[in-house]
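> Got a predicted model here, sequence first, then my questions.
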Amino acid sequence: MRKILLIGALLLAAILAYNYFTTGRIGLAPSSSASVSEKGRRLDDLARRLKAAGQTFRQAERTAGTMGLDTTSDAESARQEVERVEKEVEALKGVPGTKVENERLEGLGREVAELKRTMGLGR
């Protein structure tokens with residue numbers, strides 16, 4: 001009986017790991033890619049890129065502050081990525097989508113503006 005439970009637990013863990021690495025989400029069944037619109041996929045990608053740029057910028061700030069190292073290139077690449085994301089967010093505003101997608105787009109626009117203020121870029 002223990003062997004069956006152990007095999008079941010390992011199988012469940014393997015399924016969860018596979019779904020996480022292939023879809024980026026934890027779940028027993030991967031969501032159908034057909035159910036997510038192109039705009040939704042682009043929004044997911046933009047949100048990931050914006051988060052990564054923010055983390056890169058904050059890491060550059062910490063490194064410069066604590067160690068006194070020159071992190072200008074890291075901060076500049078993060079700023080450029082935020083600018084690219086902002087342009088893509090503006091371009092997506094003209095693409096028709098669901099109410100939820102449009103709300104996510106507006107929220108992403110606010111996140112871009114907040115990150116730009118944090119970076120000293122103003123708006």
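Arrived safely. Numbers count the residues shown, from 1 in each chain.
> then the worst-scoring helix or strand of the chain on mean pLDDT to CSV, C-alphas only?
The least trusted helix or strand in the chain, going by mean pLDDT, DSSP states H and E, turns out to be helix 2-23, with a mean of 85. What follows is helix 2-23, C-alpha atoms only, in CSV (Å, rounded to 0.1, in the frame of the first residue of the first chain):
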residue,chain,number,x,y,z
ARG,A,2,2.8,2.4,0.8
LYS,A,3,4.5,1.7,-2.5
ILE,A,4,1.3,2.6,-4.4
LEU,A,5,1.0,5.9,-2.4
LEU,A,6,4.6,6.7,-3.0
ILE,A,7,4.3,6.0,-6.7
GLY,A,8,1.2,8.1,-6.9
ALA,A,9,2.9,11.0,-5.1
LEU,A,10,5.9,10.8,-7.4
LEU,A,11,3.6,10.7,-10.4
LEU,A,12,1.7,13.7,-9.2
ALA,A,13,4.9,15.6,-8.6
ALA,A,14,6.2,14.7,-12.0
ILE,A,15,3.0,16.0,-13.7
LEU,A,16,3.1,19.2,-11.7
ALA,A,17,6.7,19.8,-12.6
TYR,A,18,6.1,19.0,-16.3
ASN,A,19,3.2,21.5,-16.4
TYR,A,20,5.2,24.1,-14.6
PHE,A,21,8.1,23.9,-17.0
THR,A,22,6.1,23.8,-20.1
THR,A,23,3.4,26.4,-19.3
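> Just give the nearest non-adjacent residue to residue 28, would you?
Leaving aside its chain neighbours, residue 28 sits nearest to residue 15 (6.2 Å; criterion: C-beta to C-beta, 6 or more residues apart in numbering). C-beta: built from backbone N, CA, C; applies to glycine.
> If we go by neighbour counts, what in the least confident helix or strand of the chain is buried?
Buried residues in helix 2-23, counted by 16 or more other C-beta atoms under 10 Å: residue 19.
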